[in-house]
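J.: next come a sequence and a model predicted from it.
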Amino acid sequence: MEIGLGKQGRRAYELDEIGIVPARRTRDPEEVSLTWQIDAYRFENPLLASPMDSVVSPSTAIAIGQLGGLGVLDLEGLWTRYEDPEPLLAEISELDEEAATQRLQEIYASPIQEELIGRRIEEIRQAGVVTAARLSPQRTAQHHKAVIDAGVDLFVIRGTTVSAEHVSGRTEPLNLKAFIYDLDVPVVVGGCTTYTAALHLMRTGAAGVLVGFGGGSGHTTRNVLGVAVPMASAIGDVAAARRDYLDESGGRYVHIIADGGMTSSGDIAKALACGSDAVMIGSPLARAAEAPGRGHHWGSEAHHHELPRGRRLDVGTIGTLSEIMHGPSSTSDGTMNLMGALRRTMATSGYSDLKEFQRVEVVVAPH
């Protein structure tokens, strides 16, 4: 599309601009499978909890794992900076909006303690659930040994935008291909939003690629950096990279995980319909009674020491983790029984498993 005489841009679509088309054949929702497997790890639901302090603590990571999902602990969060972060979490929940950003910066200025990295991972491991933990690309080289030594099952390298070809004249950039090759654990890396960036990340040997900028409803990346790619189109582009890499590599399948921008069960279904294998969500789970944010939600972008690109949101509390993931629901807005709604969407469109559901027909319905 022509933006002006000297600039053109491609039309792209958000998740709320598309709709899933029901099929002539429907299924019993109880006969639909939501199981998802990445590397050697199998999950009952294609759901990852975002590595945000308002969502994932060691205890909620365990609870989400027991409910069939995967909780990803942020190893640059409060749980690895403080012996007991509970008083600080309570303080953050009480901050007024004007003071929140500055106080978050102060709280997160405390250094990361590697000893706490090992203890938090071990706490989750002892519960018998799959253990996943996140570092940013900037801190991966510094802390990854402590993460691997602690016995993490899935290693997530997550930033606003992650590339396989970072260029820096000041520091030695992380060589993702060499780094992932040397590890004995599967790595999920992202975010990315384009075909080319995703293809390069897949070539590093990653088991999964995160699509999106993370942060979702709490980030202000569009306002601060001007960077924005609508999620439906981003997932579709990365799905094309997955298809082409499958041919290029002789059959190696890299999982696509839609990350951010999904606030309802309908968003989750549409992300999977566009081609993702699983979703990573934050704000829907931040509304759980067990969530450490106590009805508030924020990500790592909210406390960046130089350029914050997020804010603390008041999302409220609507139910337990079990009710939000599996119901029963007491709301009609798609914020509870997320997996039950997904199961019903797949049944209505005639599909029995997630891989088949990626082929469902969708239509564009501009809002």
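T.: Good, I have the coordinates. Numbers count the residues shown, from 1 in each chain.
J.: how far away is the nearest residue to Asp149 once chain neighbours are set aside from Ala288?
T.: Of all residues beyond its chain neighbours, the one nearest Asp149 is Gly118 (6.7 Å), with distances taken as Cβ to Cβ, 6 or more residues apart in numbering. Heads up, the C-betas are built off the backbone N, CA and C, glycines and all. According to Cβ to Cβ, to the nearest Å, Gly118 stands 27 Å off from Ala288.
J.: so between those two, which is more surrounded?
T.: Legend: neighbour count by other Cβ atoms under 10 Å for Gly118 and Ala288, higher for Ala288 (25 against 17).
J.: okay, and the beta partners of the more buried one?
T.: Gly319 (DSSP bridges).
J.: need the contact list for the residue nearest to Asp149.
T.: Gly118 makes contact with Ala146, Asp149, Ala150, according to Cβ atoms under 8 Å, 6 or more residues apart in numbering.
J.: change it to 10 Å
T.: Thr80, Ala146, Val147, Asp149, Ala150, Gly151, Val152 (Cβ atoms under 10 Å, 6 or more residues apart in numbering).
J.: residue boundaries of the strands in the stretch 201-350 of the chain?
T.: Here the stretch 201-350 of the chain has its strands, by DSSP state E, counting those that start in this stretch, at 208-211, 255-259, 278-281, 296-297, 313-314.
J.: which of these sits closest to Gly350?
T.: Across these, Gly350 has its closest neighbour in strand 278-281 (21.1 Å, Cβ to Cβ).
J.: number of nearby residues for the closest residue to Thr331 other than its chain neighbours?
T.: Distances taken as Cβ to Cβ, 6+ apart place Ile318 nearest to Thr331, at 6.5 Å, with adjacent residues excluded. Ile318: 18 surrounding residues under other Cβ under 10 Å.
J.: what do you get for Ala99?
T.: By the measure other Cβ under 10 Å, the count of residues near Ala99 is 9.
J.: what do you get for Phe213?
T.: Counted by other Cβ under 10 Å, the residues lying close to Phe213 total 27.
J.: which pLDDT value goes with it?
T.: pLDDT, Phe213: 76.
J.: ok, it to Asp28 distance?
T.: In terms of Cβ to Cβ, Phe213 sits 38 Å off from Asp28.
J.: mind showing which ranges of the stretch 151-300 of the chain have poor pLDDT?
T.: Low-confidence segments of the stretch 151-300 of the chain, defined by pLDDT under 70: 160-173, 214-225.
J.: test my guess that Asp74 contacts Arg134.
T.: Yes. Asp74 lies in contact with Arg134 (Cβ atoms under 10 Å); the separation is 5.3 Å.
J.: now for the two: what residues contact both?
T.: Common contacts of Asp74 and Arg134, defined by Cβ under 10 Å, 6+ apart, comprise Ser50, Pro51, Met52, Val56, Val156, Arg158, Ser300.
J.: quick one: contacts for the residue lying closest to His297 once chain neighbours are set aside?
T.: Nearest non-adjacent residue to His297, counting by Cβ to Cβ, 6+ apart: Ala286, 3.8 Å away. For Ala286, the contacting residues are 49-50, 52-56, 216-218, 292-299, 313, 315-317, 324, by Cβ under 10 Å, 6+ apart.
J.: quick one: buried ones out of those residues?
T.: Buried members of the contacts of Ala286, counted by 16 or more other Cβ atoms under 10 Å: 49-50, 52-56, 216-218, 292-293, 295-299, 313, 315, 324.
J.: so how far is stretch 185-193 off the chain centroid?
T.: Computed by Cα atoms, centre = their mean, to the nearest Å, the separation of stretch 185-193 from the middle of its chain amounts to 10 Å.
J.: now it: buried residues?
T.: Those would be Val185, Pro186, Val187, Val188, Val189, Gly190, Gly191, Cys192, Thr193, for stretch 185-193 by 16+ other Cβ under 10 Å.
J.: what is the helix or strand hosting Val363 packed up against?
T.: Assigned by DSSP states H and E, Val363 belongs to strand 362-364. Secondary-structure packing of strand 362-364 (3 or more Cβ pairs under 10 Å, 6 or more residues apart in numbering; DSSP states H and E): strand 18-20, helix 231-248.
J.: can you tell me which of those is most buried?
T.: Most buried of these by mean neighbour count (mean count of other Cβ atoms under 10 Å) is helix 231-248; its value is a mean of 20.
J.: could you measure from the closest residue to Met52 other than its chain neighbours over to Gly334?
T.: Nearest non-adjacent residue to Met52, counting by Cβ to Cβ, 6+ apart: Gly299, 4.6 Å away. Distance, Gly299 to Gly334, using Cβ to Cβ: 22 Å.
J.: same thing with Gln142?
T.: 40 Å.
J.: isn't Val227 up against Thr193?
T.: Yes. The criterion here is Cβ under 10 Å, and Val227 meets it with Thr193 at 8.8 Å.
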